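Q: No letters, just coordinates:
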């Protein structure tokens, strides 16, 4: 008692203060400058998949009519739009026509969507901390929270109005329930795992493979306690039913509009399994995803996660099997597909963060020093592990506050050319065999809008080839805008006609405008399907691709 009086317990426990610090720093990295590029969204998936459907619900009702992705993010965003809960949206829900307000100025809608993505990731950080604390200890939970909060890929996708960060919440919850089902066998543990899986599926279909953890837990439990086989099988059924119910709550029209849902899923699966992205390259999917972990999660953090897996296997092989089956399966499955994309692997990041916590705490506990020295060593190790992604987070946060190169190009067009000027923008299509063009025209100087030109099928539906330059001249498209992203995809695709197109364009035109995103004197990084869009290279000083506006010779 005397000792307690001399050293009173602090009002706020140290672990709560550290978690709050991690969350606050993570939110600053995600929310600062999250209005970049607006009112234009230059991320194709952000521009077409979620925010537009959430806005359309004001006119078309609660069925999004879109099931290529689950609906949890869309419904949450629509709810925030209705409430006007986040500052930029005050009055939007009360507008006579909110969807028209979105079409006129989508800025507050996208800012709200990006803020929602950041908040969902913050919830995932708390979930990872809570699960790490329950499965191993407070120190493991705090390290795992820091690893997830500062990993570059979760931060980058917390700045876009996309669904991916929401899936990070359900995965650790599903793992906690599966481990508890393995070790105790109570029905509520199976239900907890199913609920976590249902939440994860509600944001990302592929994250539903986390149910494998519950299946492995049930198999091991049957071997350990064969006399309780009925209870185990009932628990497995309960977990599956709860997962289905939670998913139905997040995506209620999936089953109500089952035909459209299955068509959307089949189309998405066919594309991912059979169609490479233009410029993706022909390398191994396994090597591609391992490379993304090096810059998306961090090299030191990745090594620590691997060490954590080894530690777990040595301590408790059964628990290790439950924890590791999901990330191993998802990595193998995604590597077997034709299309690779770094964010497809995001659902395993909470597991990697937990393993990172296990490894660092195990390393510190090997030291024969006092408690304070071990705490200091753990803090130092954690800082070293997150240093690489944290540096990338800070750098990209700062550059997003600068003008987007495509916005600069739009402003140049509006200032320098009369209304009706036609501009040709070559654009890489999603199919392997097509790289098409998009036609734009300058509408008005007043609002500086550059709009899509009514499509000429002969112009837009063909592959890029040198003959397009003659067609541009015939149809009056004397301005041709190129970007390093589209040109990089075209050249990486290996199609000789696409390369010849860019070579001829360079010979038969002069550059009249350039917007360069790179640091002066910096070596320009080669095109990469993920890194080039996320500004992962330190060479970037502002967002956007390298933009060149060219004036065709002998064109009126």
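A: Nice, thanks for sending it over. As the structure is a computational prediction, the values presented were derived from the model and not from experiment. Residues are numbered from 1 along each chain as shown.
Q: show me where pLDDT drops low in the stretch 51-200 of the chain?
A: Residue ranges of the stretch 51-200 of the chain with pLDDT under 70: 85-96.
Q: ok, now how distant is the residue sitting nearest the centre point of the chain from residue 118?
A: Central residue check for the chain by CA atoms, centre = their mean: the C-alpha nearest the mean position is that of residue 157, 3.7 Å away. Per CB to CB, to the nearest Å, residue 157 is found 10 Å from residue 118. In short, each C-beta sits where N, CA and C put it, glycine included.
Q: what do these two both touch?
A: Shared contacts of residue 157 and residue 118 (CB atoms under 8 Å, 6 or more residues apart in numbering): residue 165.
Q: residue contacts, the residue nearest to the centre of the chain?
A: By CB under 8 Å, 6+ apart, residue 157 lies in contact with 117, 121, 164, 165, 343, 346.
Q: Skipping adjacent residues, who's closest to the fifth one in space?
A: By that I understand residue 343. Spatial nearest neighbour of residue 343, chain neighbours left out: residue 164 (5.2 Å); criterion: CB to CB, 6 or more residues apart in numbering.
Q: and residue 332, how many neighbours?
A: When neighbours are counted by other CB atoms under 10 Å, residue 332 registers 12.
Q: Hmm, I typed the wrong one, I wanted residue 411.
A: Residue 411: 14 surrounding residues under other CB under 10 Å.
Q: Where does it sit, in terms of helix or strand?
A: Per DSSP states H and E: residue 411 is located in helix 405-416.
Q: now residue 229
A: Assigned by DSSP H and E, residue 229 falls in helix 229-250.
Q: Just the residues contacting that helix, thanks.
A: By CB under 8 Å, 6+ apart, the residues outside helix 229-250 that reach it are 70-72, 75, 177, 181, 185-187, 189-191, 193-195, 197-199, 201-203, 208, 211, 214-215, 218, 221-222, 225, 254-255.
Q: try 6 Å this time
A: When contacts are defined by CB atoms under 6 Å, 6 or more residues apart in numbering, helix 229-250 is touched by residues 72, 187, 190-191, 193-195, 197-199, 201-202, 214, 218, 221-222.
Q: Stretch 352-369 too?
A: For stretch 352-369, contacts defined as CB under 6 Å, 6+ apart pick out 128, 132, 139-140, 143-144, 147-148, 297, 301, 304-305, 307-309, 311-312, 374, 377-378, 381.
Q: what comes up buried for that stretch?
A: For stretch 352-369, the buried set under the neighbour-count rule, 16 or more other CB atoms under 10 Å, comprises 352-364.
Q: ok, which stretches of the stretch 451-556 of the chain are strands?
A: With DSSP state E, counting those that start in this stretch as the criterion, the stretch 451-556 of the chain has strands at 479-483, 509-515, 547-552.
Q: Mean neighbour count added to the ones you listed, as JSON lines?
A: Putting the strands of the stretch 451-556 of the chain into JSON lines (neighbours: other CB atoms under 10 Å) gives the following:
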{"stretch": "strand 479-483", "mean neighbour count": "23"}
{"stretch": "strand 509-515", "mean neighbour count": "15"}
{"stretch": "strand 547-552", "mean neighbour count": "20"}
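Q: Same list (those strands) but as JSON lines, adding mean pLDDT and distance to residue 494.
A: Shown next, in JSON lines, are the strands of the stretch 451-556 of the chain (pLDDT from 0 to 100; distance: least, CB to CB, whole Å):
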{"stretch": "strand 479-483", "mean pLDDT": "85", "distance to residue 494": "19"}
{"stretch": "strand 509-515", "mean pLDDT": "92", "distance to residue 494": "24"}
{"stretch": "strand 547-552", "mean pLDDT": "90", "distance to residue 494": "22"}
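Q: so which of the ones you listed gets nearest residue 399?
A: Closest to residue 399 of the strands of the stretch 451-556 of the chain is strand 509-515 (CB to CB; 13.7 Å).
Q: Note down every partner strand of that closest one and its orientation.
A: Strand pairing for strand 509-515, determined by DSSP bridges: strand 547-552 (antiparallel).
Q: circling back to that earlier point, among the contacts of stretch 352-369, which ones are buried?
A: 128, 132, 139-140, 143-144, 147-148, 297, 301, 304-305, 307-309, 311-312, 374, 377-378, 381.
Q: Can you list which of those residues are found in helices?
A: Residues of those located in helices (DSSP state H): 128, 132, 139-140, 143-144, 147-148, 301, 304-305, 307-309, 311-312, 374, 377-378, 381.
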